[in-house]
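In: this one's structure only:
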């Protein structure tokens, strides 16, 4: 598993591009954990038990610090914890893709397999919403290759 200092180096160099791609959808429980930890409410309710993080004017996550580290790292949404593994739901089937961002080469097969297992536990309505929005914003993803896993 990559170390915190490795994350810092890689994410700093990349300028945490993942935190500007598309902000994650999350559950009410995940939102409550972030608020309970004392962080500001930057959420928009989409439907029952479905929220998204509202971006700032630069289309980046409002919880992203100037040094490109996540200020809510300990309580961040599950979709953020899984990146660069991204779950999807297409043709009534779940699956995952892996974005080949600068962090990708540092992830072992074992770590990726664990992430895929965790992705399988994310509620389907969260994945469906993320995938619908991701498809509409697919131009943003052209910076990195990805593969189905």
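Out: Thanks, I have the structure now. Here the structure is a predicted model, which means the values were calculated and not measured.
In: who's in contact with the residue nearest in space to the middle of the chain?
Out: What sits nearest the mean C-alpha location of the chain, by C-alpha atoms, centre = their mean, is residue 80, with 2.9 Å. By C-beta atoms under 8 Å, 6 or more residues apart in numbering, residue 80 lies in contact with 24, 70. For glycine as for every other residue, the C-beta is placed from the backbone atoms N, C-alpha and C.
In: same question, residue 83
Out: 18, 99, 101.
In: how close does it sit to residue 38?
Out: Distance, residue 83 to residue 38, using C-beta to C-beta, to the nearest Å: 24 Å.
In: next one: residue 47
Out: For residue 47, the distance to residue 38 - C-beta to C-beta - is 26 Å.
In: output the below-cut-off pLDDT ranges for this protein.
Out: By pLDDT under 70, the low-scoring segments of the chain are 1-4, 56-58, 133-143.
In: for it, what spans make up the helices?
Out: 4-14, 18-21, 28-36, 78-82, 109-119, 124-136 (DSSP state H).
In: OK, contacts around the nearest residue to residue 145 once chain neighbours are set aside?
Out: Spatial nearest neighbour of residue 145, excluding adjacent residues (C-beta to C-beta, 6 or more residues apart in numbering): residue 100 at 4.6 Å. The neighbourhood of residue 100, defined by C-beta under 8 Å, 6+ apart, consists of 84, 144, 145, 146, 147.
In: surely residue 17 meets residue 99?
Out: No. Using C-beta atoms under 8 Å, residue 17 makes no contact with residue 99, being 9.5 Å away.
In: coming back round to it: got a PyMOL select line for the buried ones in the contacts of residue 100?
Out: Typed into PyMOL, the next command selects the buried ones out of these (criterion: 16 or more other C-beta atoms under 10 Å):
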select buried, resi 84+144
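In: from the contacts of residue 100, which is closest to residue 122?
Out: residue 84 (15.2 Å; C-beta to C-beta).
In: contacting residues for the closest one?
Out: Applying C-beta under 8 Å, 6+ apart to residue 84 gives the contacts 18, 98, 99, 100, 101, 103, 104, 107.
In: the residue nearest to residue 26 when sequence neighbours are not counted: how many residues sit nearby?
Out: Take residue 26 and drop its neighbours on the chain: the residue closest to it by C-beta to C-beta, 6+ apart is residue 77, 4.0 Å away. For residue 77, the tally of surrounding residues (other C-beta atoms under 10 Å) stands at 23.
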